[in-house]
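A.B. asks: The following block contains a protein sequence and its predicted model.
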Amino acid sequence: MTIFHLLRHGEHGLAGHVLVGRMPGVGLSERGRVEVEAVAERLAGADIDALYASPLQRTRETAEIISRRLDLPIGFRHDLLEIDFGEWTGSTFDAIRSHPGWPLWSQYRSIAKVPGGESMRQVQRRIVEAVMELHHTHPDENVLLVSHGDVIRAALVFALGMPLDLYSRLEISLASISTIRIDGAGIRVLAFNERPPLPR
């Protein structure tokens, strides 16, 4: 049995304004660091055996905070990367919503593809394959994966047996933890979008 904790990175300065995607140089904000410190405290009691992260700056910085607290090395994996938003990378959300491809992307993730980027099916395939590979690498261990909102949603939709078109019904907040278990009986979601309280 492998327990996977799926952690979304903490807040960055462009959150909610710009679709940063795989843009370089987008690190955690001060609030984001505080959020991740709280997550690190929460995970200190979870007996984490292995830590993997997307190599983008905001996920790398998130994993580094966790790594210091849990005294674990970080394995960087490209299959945990943010979705490739292609031509939309770096655009404001208002600009993207005016793009002719937006209605299809926003309503039918199962068939839509970002112009010059990835489809949600491609994202789901790579994250599910990564989880299954790590299940065999870490049997009977607790594994932390630091990734991105759309990637985590894609994994959870698979675990829940939901259609990709309903993926936006799942809220994956910044610095939130969702937990799944994989064993001989299959896959099960144990926790969803948990956000440890911030210090006052």
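C.D. replies: Perfect, thanks for sending it. Numbering: from 1, shown residues only.
A.B. asks: Okay, now the sheet partners of the lengthiest strand in the chain, with direction.
C.D. replies: Once the chain is assigned using DSSP state E, the strand that runs over the most residues is strand 186-194. In the sheet, strand 186-194 lines up against strand 177-183 (antiparallel) (DSSP bridges).
A.B. asks: about what we covered before: name the residues of the longest strand of the chain that are buried.
C.D. replies: Neighbour-count burial for strand 186-194, with 16 or more other CB atoms under 10 Å as criterion, is recorded at 187, 192. Quick note: C-beta positions are derived from backbone N, CA and C, even for glycine.
A.B. asks: now what about it, what contacts it?
C.D. replies: Strand 186-194 has contacts (CB atoms under 8 Å, 6 or more residues apart in numbering) with 3, 42, 156, 158-160, 170-173, 176-181.
A.B. asks: In those residues, which residue is surrounded by the most others?
C.D. replies: With neighbours taken as other CB atoms under 10 Å, the top of the contacts of strand 186-194 is residue 178, carrying 24 neighbours.
A.B. asks: and that residue, what does it touch?
C.D. replies: Here residue 178 is in contact with 5-6, 152, 156, 172, 189, 191-194 (CB under 8 Å, 6+ apart).
A.B. asks: ok, now residue 128?
C.D. replies: Counted by CB under 8 Å, 6+ apart, residue 128 has contacts 154-155, 158.
A.B. asks: Return the member of those residues nearest to residue 98.
C.D. replies: residue 154 (25.6 Å; CB to CB).
A.B. asks: so the residue nearest to residue 70 when sequence neighbours are not counted, which of the three states?
C.D. replies: Spatial nearest neighbour of residue 70, excluding adjacent residues (CB to CB, 6 or more residues apart in numbering): residue 48 at 5.5 Å. Three-state assignment for residue 48 (DSSP: H, G, I helix; E, B strand; the rest coil): coil.
A.B. asks: my guess is residue 48 contacts residue 4, does it?
C.D. replies: No. The criterion here is CB atoms under 8 Å, and residue 48 misses it with residue 4 at 10.5 Å.
A.B. asks: Who has more neighbours out of these two?
C.D. replies: Neighbour comparison, residue 48 and residue 4: the larger count goes to residue 4, with 25 against 18 (by other CB under 10 Å).
A.B. asks: What pLDDT is listed against the more buried one?
C.D. replies: pLDDT for residue 4: 98.
A.B. asks: pretty sure it is touching residue 134, no?
C.D. replies: Yes. With contact defined as CB under 8 Å, residue 4 and residue 134 form a contacting pair (7.5 Å).
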